[in-house]
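[1] need a structure here:
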Amino acid sequence: MAKNAELEKAATNNRKLKLFKPEILQLTADELNYSLCLFVKEVRKPNGSEYAPDTIYYLCLGKWMEQVVKLTTQLTQMQDKTTSVRIPLK
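    Below is the predicted model:
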């Protein structure tokens, strides 16, 4: 079950829970901190056992790097589009 669906199911009428944004780069520093804390606390292997602490560190680092590469690729593509038109100098 996705985390947002799990939170919605657990929410009560008098208590609203904040849902997670799907894009990590859209998070504020506080949202990122909270999300990472929950991730580190709840992440488990497919068989239900806990990961070693260094494995969790590399999982977090890998997800962050994935998003940085995605953003860098998008920025590079935008830059290529704006610099592809060149005016010849005389």
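[2] tell me the buried residues in the helix or strand that contains residue 72?
    When elements are assigned from DSSP states H and E, residue 72 belongs to helix 53-83. Buried residues in helix 53-83, counted by 16 or more other Cβ atoms under 10 Å: residue 56. Quick note: C-beta positions are derived from backbone N, CA and C, even for glycine.
[3] stretch 37-56 too?
    residue 56.
[4] grab the CA positions of that stretch and hand them over as CSV.
    Taking C-alpha atoms only, stretch 37-56 is exported to CSV below (Å, rounded to 0.1, in the frame of the first residue of the first chain):
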residue,chain,number,x,y,z
CYS,A,37,12.9,10.2,9.2
LEU,A,38,9.8,8.1,8.4
PHE,A,39,11.6,6.3,5.6
VAL,A,40,14.5,5.3,7.8
LYS,A,41,12.1,4.3,10.6
GLU,A,42,9.8,2.2,8.4
VAL,A,43,11.9,0.8,5.5
ARG,A,44,12.2,-3.0,5.5
LYS,A,45,13.5,-5.7,3.2
PRO,A,46,10.9,-7.6,1.1
ASN,A,47,11.0,-10.4,3.7
GLY,A,48,10.2,-7.9,6.5
SER,A,49,13.6,-7.8,8.2
GLU,A,50,15.5,-4.6,8.8
TYR,A,51,18.2,-3.2,6.6
ALA,A,52,21.7,-2.6,8.0
PRO,A,53,22.2,1.1,8.8
ASP,A,54,24.8,1.6,6.0
THR,A,55,22.3,0.1,3.5
ILE,A,56,19.6,2.7,4.5
